[in-house]
Every structure is written in C-alpha cells, then in structure tokens.
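# Mind looking at a prediction? Sequence and model below.
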Amino acid sequence: MPYRAPNLQNSLKRFHSLSEVRNELAAGTTSCRQLVEYYLGNIERQQHLNAFLEVWPDEALAQADAVDAKLAAGTAGPLAGMVIGLKDVLAYAGHSLQSSSRMLDGFKSLFTGTAVQRLLDADAILIGRQNCDEFAMGGSNESSFFGPARNAADPERVPGGSSGGSAVAVQADMCLASIGSDTGGSVRQPAAFCGVIGFKPTYSRISRYGLVAFASSFDQIGPITRSVQDAALLLEVMAGPDGMDSTASQREVPAYSQQLTPAAHYRIGYIADAIDNEGLNPEIKSALETQLDILRGQGHVVEAVDFPYLDFMIPTYYILTTAEASSNLGRFDGVKYGYRAADATDLESLYKKSRSQGFGAEVQRRILLGTFVLSANYYDAYYTKAQRVRRLIKDKTDELLRQFDFLVLPTTPTTAFKIGEKQDPVSMYLADIFTVQASLAGVPAISVPIGEDSAGLPIGLQVMAGAFREADLLAFAGVLTEEVVA
Amino acid sequence: MDEATLAKYQPVIGLEVHAQLLTHSKMYSADENEYGVAPNTNLSVITLGHPGTLPKVNRTAVEFAMKMGLATNCTIRRDNLFARKNYFYPDLPKGYQITQDKTPICHDGHVDVRLADGSVKKIGVTRIHMEEDAGKSMHLAGETETLVDLNRAGVPLIEIVSEPDIRTGEEAYNYLIEIKKLVEYLGICDGNMEEGSLRCDANISVMLQGAEKFGMKVEVKNMNSFRNVQRAIAYEIERQIAIIEAGGEVDSETRGFDAASGTTNGQRSKETLNDYRYFPEPDLPPLIISDEWLHRVAAELPALPQQLYSRFTGELGLSDYDASVLVDQKEVALFFDELSRLTPNAKAAANWVMGPVKSYLNERALTMADFPLDTAQLAGIIELIDAGKLNYSVASKQLFPHLLDHPSANATGAAESLGLLTQADNGELATLVQQVLAANPAKVEEYRAGKKSLTGMFMGELMKLTGGKADPKLANQLLRTALDG
C-alpha cells in the first residue's frame, strides 16, 4: 500500500503559495505567529522524517510578531508571511552550520550569507536548519551524519538529495519554502522525489557568499516551493550582484514574480536519448510522453533533439566536482574549528585522524577521487580533459537552447528508492544523469511534479532554459504545474 | 678552494624573490595589512577561511604587480587567471594558497645590474605573479605547542622569478639590491629583508665550463639579509664543486642557510616534495587588464633608479660612482634630483648631498625624510659659494650647522646675520695681506727665491686674520700681486 501523509488536524489549511498566505493575513483570518505555530506543530509531529536538524521556535515566533507589526503598519517586505527552512549549508550568524557533517561539530557561523541576509531583509521568517547529505554530496540524504531524512510519501524511501530535508519539509508542510543548494541536481532531484518544485537558477545568478562550498564552479542556491510564484519571488529577492562574490553576475534582476504570463507558443525540445534511455523507469517515460502530448495539444512545437554527450556527463561532472571539493574541503583540518580527533599525537596524526573521523565515507571517497584527478601525473588525463568535455557539453546545450525555448527531460531516471537500496556509489551517481547537464552548462533548470507512479511516488519533469532566461522558464513552469501541485 | 678548481666550473643561479606589498588591505579581503600588531587581530571570516567565504581581488595589489612588471621591462598579461596551490599547514587557513600558476601577470622582462667593474649585466625576469602570504607559526621558548598568528595570512605578495642568468654571489647580491631599489622607488614594498617583507630563495647549480646541461639544482632558503644571500651562494657553489671533484653527485634538495656558521644544511629531498595540485581558482573570475587601466598605471610610474642614473651621468655630467651612490636610496636620489634643478653646479650639489648631508643623517641614524633643510636652502648655500660670497669651509662648518638648528632661515639671510659673508672690500684685504707679509719676512724671502709652494701658508695666515671670511679667489690674487710684485 502506498504511504499517505497523515491527515493533520490543524486549525490552518495547507498553503500552496505566499499569495494565499497574504490573502488570509490581509483578511485577518491568521497571523504570522499562528503560521509559525502551525509549522512548528507540523515539525514536532513529523520528527520521524528527520527533516530538520535544528528548529528555532523562539526566534521564529519573535520574528513572526515583528512581521505582524510591520504588516499592521503597512511596512512589511515582500516575503512577509513566508516561513522558510534553510539547508544546513547556508551561513546564518550565530547559528550552527554543519553541512550535516561531524567535521563541523559545534561550529557556529560568525556571519550571515548574502542570500540569507536578503531573505531576512525581505521579512522572511526562518524556522530552522534542514538535514542534507554531508557537504551536499549525495542523492539520497543517506550520507548525513545525522541519518537520512525520510520521504513523506513513504518513510521507508529516500527523499533524494542532497537537499533531502529541505524537500521533505516543504512536502510535509513544515514550512512554506526551503532554500537548498544545487551542484548537480541537489535541489531538483529531491523536489522530484518529494512532489514539490525545485529550481536551480543560472550559475552566478545568486551570490554564493555564505554557501558552504562543494564545487565552486557548479554550486548554486535554489528554492524549493509548492508554487512557481514563490520560486520566482524567492529568486527575485535573493538574486543580484554582490560585492562579496566576484563570480556573482552583474546583470540586473528582473521582477520575475511579475513576469509569469506564458507565451502562447513555445519551441520545446526533448532529448530523445534521455527518453529512450534503458535506465529510465517506464512509468516516468510514460508520464513524460503524456506531458509532451499535452504540450503539443496546447499548440507548442515539440521536437526530439540529439544530444550526443549523454554518456560523458556523469564522468565529467564527477571529475570536476570532486577536484574542486578536494580543495574546498582542505580547510576542515581539525586545527581551527569543528571536529578535532582526541587521540592525535602530532600534526600529521591530527590531520589524518580528524579528517578520517570527521568526514563520512562518501565525502572521503570524493576527496580522494578529487585529489587523484588533480595530482600532477593525472591532471591532464582527467581534469584538463574533463574541462574540455564540459566546454563541449555547454556549447552544445547552449546551441540547443538557442534553437528551442526549453529542453524537457525527466528529472530522475526512477522515483524515490528505498533507504539502503543503493550500496554501489556508481549506481547512486547515475541517478544524477538527467540533472547534471544544466549544472555542467550553468543554465537554469526547474523540476516540477507531473504526477505519481503506481506506488504513489511523485514524478518530476525537468525543464532547462538558456542562461539568465529564468523569467521565461518560470512562466513555462507555471503552465506545467497549473493543476498538478496538491 | 683553490682558484684553478673554482675556475673549472660555471655556477648557474636563479633567484625567487617574494615582496610583501604595502597595500592597506589584504590580497583577497578587506582586512588591514599592518605589520607589528597584536597576534590574530587583523582577521575576518575570509582570512580565517570560514565555510561559505569567498575571496575578492585587491585591485591596488594588482596595480603594484603591474608597476613592478613595467619597471622590469616585462610584458603585462591582460587575461589573468588565479590558481589554487593546495597543501596542509596550520598557518594556511583555507588549505590552499590563491596564487597564479600558468598565467603570471608579468613575464619575459629583465633587470640591468651594474657590477663592481662598472659593466652592466642584463638579468632576465622569467615571471612575476601575485599571491597571498600564509600566517606565521611560532614556537615560543618554554611552550610545547606551536602557536599560529594569522595576521600575515592573506597579505599580498608578488613573487619575482629570475632567469638562471646569475653566475656569482656578487651578481646575485647586486640583482637583489636592484630589486630592492625598484620596489622602494615604486613604493610597493619596504624592501626590508630582516623583517621578511622581502624574501629570497636561490636555485643554485654548477656545471663544467662549456657544458650544455645544467647541473643538479639545489634550492637554498632562510637567507634573511642581502649579504647572507651572497654568502650562502658562495658557500653553496664551493660545496657543490667539492662534491663533484670528489666524484660524487649533488642531490636535488632544499637547503637552509645558517648565518652563524655561514653554511647550508639539507632540509628535505625534492623527491618527497608536495604535489600542490594546482588548478584554476573557481571563486575568482578571470581578471582582465584593459588598455586604459594599463596606460593609467604606466603613467603613474615614478622616476626609476636607472632613469635617474642616466640623467645624473648624462645631463649632469656626474661620475658613474657619484651617480651610483646617489641613486642607491630613493629619498636621497629624489632630494638630489630636485636640488640639481635649483643649481647649475651639479657636482657641488652631489658633494653636498654625499658629504655633509649624508654625514648628518648617518651620525644621527636618520633618513632623508627627517632631514630638516629643503633643497632651496642647500641651493642657496651653493650659490653663495659659487658667487665668491662664502667660503666652503665656513659654509660647511658654520652656516650649514646653523641652518640645521634654524631650519626656517634661508641661506643668504643667515650668512648675513652671522657675518659669514666674504668681505668684498679690496682695501681692507690688501692691508691684511701687507700685515701677513710683514709678519713673515723670512718666508717672503724664501718665496721670492723660488719656493712657490709657500702660497698656501700665506693663504692660511691671511684666512686666520679674516676669520675665514675672505673671498678665496680675491685673497689669492692680492697675495700673489704682493709677493710677486
């Protein structure tokens, strides 16, 4: 029997978007304080899902009162009424920041990252920090030091990852939105597994200052929501140039939330090899084909396209991201902060023991792989070659996205799998096969729910657009989700 | 080691010089760049490498690197990438240093180095790149633990790498002095080797004269003075030759210089060297240097020692020696340069600066910046002497010290009020000449008998009588007239 979320006996109904919340706040039928209490209650009742590592009830309630006062005074910011959870990779001054790792045991951030600060400045209410794969490395949330978050559609199954806790929190109504991070699909894939919307903007659209680095040339902050409007609004608030991140785009930020009216006709490409891929679950394939038929019926042009590099994406992605990760994680050495092995006897043993005890197996595997591909004797054979392949993949993807408004493909080859099911790391890595393309190319991509399989597990559809075409992408995502998100 | 053995070999030396840049903030963060403050105070989350932090390039440091490149005749790269050099050390907060690997900002330049015999040698500059310093690990007496001070972490550095064009310790010394002068003239580094703001590593090998293949290279570190670089190289050359002469092979290794014994000691073998796993820094976009930026920086370049040297020896006609001494220190050179524009007598100006001015500064351990007089005052003194109104020894012994004590006075006014000016009255001086002759009748006889060298004695006597205020030219003329007449 497919698992169904418990029918929660709450005074409040489930909200799907901030605009619904704002209507009720305006009507006086609820308050920010009541909203926070409602979400705190949901978190409390669903602790078995292990979505939150830490909840900030006092702060959230205090912020709720402050926002209620601002609403009454007519001075509230654009996110007033939005209760948000943060993936445990986002720096928030005075709050623990652990990347779900033992390595950052006891570490509190001394500063607030740019995206989080912009949420606060827009009067968002932050309710807690959410479970994820350790250092955002994983596709199932199983690499978390704090144990896996569980899929609310079936707690025996994974929520996906790495932003697993963040997706579950939205799925199970513990907050209206979550802020995750996406390096190779870490927002889109768990969103697909949990039946919610996961959005990765163009690389550089949102400042990475305050995001714990996994692979710097891939990492991007992204929202997980129930509505396209909320995704648009959150992007609008968080995006834009930042003096603290030299790689952040200087482009002006459009008012995405005001530009959600879709065009009548789009040119849509789908990658034939992806749909014919033998690893693709037939139910997902069928759901995708149905969706393509609906789009054709709506008058859009839908065409199959060739993308010759599908087999190269996973190796390229893992060579480059592990290389960057091996360097980014060098700072966690037991010397300055975080976990330090108690039984170290000298400097070298301090490093070795702290890192061996502090990092989990998956993180260690990636550090070793990345160290290997950067080593002098193998650099050209792996890193340099992978950089070239990344360029080919990016150029071809960009070319297709000039020919078509959007590329459509499945978000994941399967629906949520069972916890403990994938023991082999390569089979776990192959679960990213459809999401890494947008990451390698740096283009925006969104996963939207398009139904469930026969076991009641959510299915996600992924749409990619050209760099900085988030407004078009979100408008089109609105078409796809019109009556889907429950 | 005997000369014949030494002469069989050709030493080959290249230097790597690190210069700390005098920017207000650090290379990749806004933290203060300040020497000598309490440990671990100039820190931010960026310097500490806390999770989520990102670097940001200090544009002033980039301009300083460009200036050094221009001053060493380098090509300035327009499309600059940064790279990470990965290694573990407690004073390296991020676990990597942000540097430049394959794309240094300056490349293919040279420095002209003047040697003791007066010849000029061109020493190639392979590259200059930008990077950040690490913190300092400190082992204090009585402490079992190592302490780390991260104030220095992130301080901007340039590394200047020479071609292996250097052949002797003396050449290395002169090259290093030239580099020090350049960074001082440019105002980008204080050039202090003892405090470590200028650091030098030497790559040294020897081969038989005429050989085509370089010998095995040894890197020598820990040379914290200019002279120690010269000493270390001289020692290392002989050490390597001795090994080869004895039939052995030189190990490729890193050696440290011990200033007390004047020897080098093995530190680690190159085979166990770190693999630094360089790769392009993904947190920094390529740094593009536009024509406009480069031209602006080039236009801001101050006069450099080589240019001043050429002016001093050419336009001003000074000797190579005088010009070398004058350009040795930036402040002295600039003072003289200014002074030389206020007086037509460049040689006198040079003598004043190298003589009384430098003695004054040396005796008090002051620098040029502390010198109380301005160039106009000194030019005034020279003008009085050249006009015959002031005698040099009176000027240096009386007027100069007086002005130093009264720095607001001008030369002519002070000389007048002190009554130091020469007496222009022929009549009075002629009378005094007669007195001198009358007081020394025997000497007058000797003079008239042909002992012309007695002129100086009469001159001295005359000066005593005038209190040194006689115009020497006039006095000489009157004396000769009286004696020869």
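That came through fine.
# ok, now which ones touch the residue of the stretch 301-450 of chain B found nearest chain A?
Closest approach between the stretch 301-450 of chain B and chain A, counting by CB to the nearest CB: B:Leu301, at 27.3 Å. Where C-beta positions appear, they are placed from N, C-alpha and C, glycine not excepted. By CB atoms under 8 Å, 6 or more residues apart in numbering or on different chains, the residues touching B:Leu301 are B:67, B:70-71, B:186.
# can you rerun that using 7 Å?
B:67, B:70-71 (CB atoms under 7 Å, 6 or more residues apart in numbering or on different chains).
# next one: B:Pro280
Contacts of B:Pro280 by CB under 7 Å, 6+ apart are B:81, B:83.
# Equivalent analysis for the one 5 residues further on, please.
Residues in contact with B:Pro285, defined by CB under 7 Å, 6+ apart, are A:246-247.
# and what of B:Asn151?
Going by CB under 7 Å, 6+ apart, the list of residues near B:Asn151 reads B:37, B:39-42.
# one more time with 10 Å
Listed by CB atoms under 10 Å, 6 or more residues apart in numbering or on different chains, the contact set of B:Asn151 reads B:26, B:31-43, B:47, B:133, B:135-136.
# which element is it on?
Assessed by DSSP states H and E, B:Asn151 sits outside every helix and strand.
# Are we agreed that the residue of the stretch 301-450 of chain B closest to chain A is in a strand?
No - secondary structure assignment places B:Leu301 outside any strand; it is coil (DSSP: H, G, I helix; E, B strand; the rest coil).
# what's the spacing between it and B:Glu461?
Distance, B:Leu301 to B:Glu461, using CB to CB, to the nearest Å: 56 Å.
# And for A:Met82?
Counting by CB to CB - A:Met82 and B:Glu461 are separated by 104 Å.
# Those two: who's more crowded?
A:Met82 (29 against 19; other CB atoms under 10 Å in any protein chain shown).
# Distance of the more buried one relative to A:Pro223?
Applying CB to CB, the value for A:Met82 to A:Pro223 is 10 Å.
# Repeat that for A:Tyr309.
29 Å.
# If you count surrounding residues, which of the two has more?
Between A:Tyr309 and A:Pro223, A:Pro223 has the larger neighbour count (other CB under 10 Å), namely 30 against 16.
# The more buried one contacts A:Lys200, correct?
Yes - with contact defined as CB atoms under 10 Å, A:Pro223 counts as touching A:Lys200 (9.4 Å).
# thinking again about what came up before, of the contacts of B:Asn151, which belong to strands?
Those of the contacts of B:Asn151 mapping onto strands are B:Lys136, per DSSP state E.
# Filter the contacts of B:Asn151 down to the buried ones and hand me the ChimeraX line.
Filtering these down to the buried ones (16 or more other CB atoms under 10 Å in any protein chain shown) takes a single ChimeraX command:
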select /B:26,31,33,42,43,47,133,135
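# related to what we said a few turns ago, now, which of the contacts of B:Leu301 sits nearest B:Ser310?
For B:Ser310, the nearest member of those is B:Ala71. The distance, counting by CB to CB, is 14.6 Å.
# Just give the number of residues close to the closest residue to A:Phe404 other than its chain neighbours.
Spatial nearest neighbour of A:Phe404, excluding adjacent residues (CB to CB, 6 or more residues apart in numbering or on different chains): A:Gly269 at 3.8 Å. Neighbours of A:Gly269 under the rule other CB under 10 Å: 22.
# residue of chain B with the smallest distance to chain A?
Nearest residue of chain B to chain A (CB to the nearest CB) works out as B:Gly95 at 2.4 Å.
# Show the model's pLDDT score for the closest residue to that residue other than its chain neighbours.
The spatially closest residue to B:Gly95, leaving aside those adjacent along the chain, is A:Gly330, at 2.4 Å (CB to CB, 6+ apart). Confidence at A:Gly330, expressed as pLDDT, is 98.
# Just to check, A:Gly330 is in contact with A:Leu374?
No - between A:Gly330 and A:Leu374 there is no contact under CB under 10 Å: 11.1 Å.
# what residues do A:Met82 and A:Pro223 have in common as contacts?
Listed as contacting both A:Met82 and A:Pro223 by CB under 10 Å, 6+ apart are A:119, A:177, A:230, A:233-234, A:237.
# and these, which two are the farthest apart?
Every pair of the shared contacts of A:Met82 and A:Pro223 checked by CB to CB; the farthest is A:Leu119 and A:Asp230, at 12.3 Å.
# Quickly list what's touching both of these two.
By CB under 10 Å, 6+ apart, A:Leu119 and A:Asp230 have these common neighbours: A:79, A:82, A:84, A:177, A:223.
# Take these and keep only those in strands.
Using DSSP E, the members of the shared contacts of A:Leu119 and A:Asp230 that fall within strands are A:84, A:177, A:223.
# partners of the second one in the sheet?
The residues paired with A:Ala177 through beta bridges, assigned by DSSP bridges, are A:Ile84.
# Now do the helix or strand harbouring A:Gln291: which elements does it pack against?
Using DSSP H and E, the element containing A:Gln291 is helix A:282-297. Applying 3 or more CB pairs under 10 Å, 6 or more residues apart in numbering or on different chains; DSSP states H and E, one finds that helix A:282-297 makes contact with strand A:267-271, helix A:272-275, strand A:301-305, strand A:406-410, strand A:445-452, strand A:458-465, helix A:470-480.
# State the mean pLDDT of the third one.
Per-region confidence: strand A:301-305 scores 97 on mean pLDDT.
# Can you spell out which helices and strands pack onto it?
Using 3+ CB pairs under 10 Å, 6+ apart, strand A:301-305 is in contact with strand A:267-271, helix A:272-275, helix A:282-297, helix A:385-403, strand A:406-410.
# ok, and which of those has the densest surroundings?
Most buried of the helices and strands packed on strand A:301-305 by mean neighbour count (mean count of other CB atoms under 10 Å in any protein chain shown) is strand A:406-410; its value is a mean of 25.
# Cheers, nothing more for now.
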